[in-house]
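> Okay, predicted coordinates and the sequence, questions at the end:
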Amino acid sequence: MRVVIALDGSTSAEQGLRLAETLLTGKESHIVLMHVLPRHFIYGKGGPVPIECYDADDVRTDGKALLDAATARLKVAGAGTTIEQNIVAGHPADLILKTATEPHADLIILGSRGLNGAQRFLLGSVSHRVSQHAHCTVLVAHAQAPRPTRRDRPGSAMLKVLVAIDGSTVADHALDVACTLLSGIGVEVTLLHVIPRHLVVGRGGLVPAECYDVDIEQEAAQALVDSRLPRLQQGGIGPTLQTEIAIGDPAEVILDVAEENGVDLIVLGGRGVSNAERWLLGSVAHKVATHAGCSVLIVPRAPGMTRLKTVVQPTGSSARRA
C-alpha cells in the first residue's frame with residue numbers, strides 16, 4: 001500500500017499524522033511524507049505571508065525538520081514499512097495529486113487547515129481540490145484533541161468512527177476500506193444509513209421519496225445495515241459496533257450524528273452518483289468534508305486500495321448491536 005501524507009505544520013496536518021500513526025501501525029505500507037513550499041504564500045501563525053518575506057534556505061530547512069520529526073514518530077509507532085521524504089515547490093494541491101499518481105497511491109492524508117474566509121480566498125482550498133480530483137481514498141483531517149489510548153495497546157487511540165452506507169457499490173467499497181484500516185485497533189463504530197427525505201436513488205435514478213412507503217423503506221434500511229454489519233464483525237472491528245437509521249438530508253444527518261456522538265472519523269463514499277444526480281442532490285461527501293468537526297475519509301467509486309497485510313495480528317473483539 002502506498003500512502004501520501006502532506007504536512008505543513010498546521011494543527012489539522014498534525015491530526016492527519018496522528019491518525020496515520022494509529023491507522024497504519026502494524027500494516028505493510030510505503031509512506032511518502034510531503035512538504036510543499038508554496039510559490040506565493042506561506043501559512044504562518046498570523047495567516048498567509050508572501051514567500052518573499054522568508055529566506056528560501058530557512059524555509060526548506062524547516063520543512064526538512066518537519067518531515068524528520070514525522071518520520072521518527074511513524075517509526076516509533078511501527079507505521080510504514082518504508083518511509084520516503086519529498087520536499088517540492090509549487091501549488092500544494094497540484095503537487096499532492098501528482099505525487100499520488102506517480103506511481104499510484106492508495107491513500108492521501110492531508111489537513112483541512114480550517115482556514116477562515118479571507119485565508120481560503122488567498123490560498124484556495126487544498127483539501128477540497130485534492131478530495132475532488134484524487135483517484136484514490138483521501139483522508140481530510142480536522143484539528144481535534146486525541147482520543148484516550150487503549151490500556152491493552154499503548155499508543156493506539158480508541159477512535160469513534162461513523163461509517164455511512166446507502167447500498168451503493170461505492171459505499172460498500174468504503175465499508176471494505178474501513179474494515180482494512182480499522183483492523184487491529186480499538187474503535188467504536190456506528191454504521192449509519194440515511195433515508196433521504198426528498199429523493200431516493202432507485203434503480204432507474206432519482207425518485208421522489210413520496211413515491212415510497214416509509215415503513216417499507218425502514219424495513220429495507222434495516223435489512224441493509226443488518227447485511228453489512230457482519231463485514232465489520234468478520235474483520236475483527238471493535239470492541240463496539242452499533243447501527244443507526246435516520247430520515248433526512250444525508251449530509252446533514254451524517255454531520256449531526258457525528259457531532260452528537262463525538263465522532264473522530266467519518267467514512268463515506270464519494271462520487272457515488274451520476275453528474276445529473278450530483279447536480280440535484282449536491283455532493284454529500286464534499287458537504288460533509290467541508291462542514292464536519294472531525295476528520296473525514298472519502299473513498300472513490302473505483303476500487304483503488306489494495307488489501308493491507310497486517311504485521312501485528314489484531315486482538316479479538318466482541319460486537320454489540322444498538
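Cool, got the structure.

> Kindly confirm my reading that residue 195 is in a strand.
Yes - counting by DSSP: H, G, I helix; E, B strand; the rest coil, residue 195 is part of a strand.

> So what pairs up with it in the strands?
For residue 195, the beta-bridge partners are residue 247 (DSSP bridges).

> And the strands in this structure?
For the chain, applying DSSP state E gives strands covering 2-6, 30-37, 41-44, 47-50, 82-89, 107-111, 137-141, 159-165, 186-196, 199-202, 205-208, 238-248, 265-269, 295-299.

> do you know which of these lies nearest residue 254?
With C-beta to C-beta, the closest approach to residue 254 among those belongs to strand 159-165: 5.3 Å. Bear in mind the C-beta positions are built from the backbone N, C-alpha and C, glycine included.

> How about residue 232: what's its closest non-neighbour residue?
Of all residues not flanking residue 232 in the chain, residue 241 sits nearest, at 5.6 Å (C-beta to C-beta, 6 or more residues apart in numbering).

> which residues touch stretch 283-300?
Here stretch 283-300 makes contact (C-beta atoms under 8 Å, 6 or more residues apart in numbering) with 15-16, 19, 112, 127-128, 131-132, 134-142, 144, 170, 173-174, 177-178, 181, 250-251, 254-255, 258-259, 263-271, 305.

> Out of those, which end up buried?
With burial judged by 16 or more other C-beta atoms under 10 Å, the buried subset of the contacts of stretch 283-300 is 15-16, 19, 112, 127-128, 131-132, 134, 136-142, 144, 170, 173-174, 177-178, 181, 250-251, 254-255, 258, 263-271, 305.

> Please spell out the segments of this protein that come in under the pLDDT threshold.
Along the chain, segments meeting pLDDT under 70 span 39-56, 114-124, 145-157, 198-212, 271-282, 302-322.

> mind listing the helices in it by residue range?
Remark: helices assigned in the chain by DSSP state H are 11-23, 56-77, 92-101, 117-123, 126-133, 169-182, 214-234, 250-260, 275-281, 284-291.

> the inter-axis angle of the fifth one versus strand 2-6?
This means helix 126-133. Helix 126-133 and strand 2-6 are oriented at 150 degrees to each other (axes from the mean of the first three to the mean of the last three C-alpha atoms, to 10 degrees).

> Check which helices and strands helix 126-133 is in contact with.
Applying 3 or more C-beta pairs under 8 Å, 6 or more residues apart in numbering; DSSP states H and E, one finds that helix 126-133 contacts helix 92-101, strand 107-111, strand 137-141, helix 284-291.
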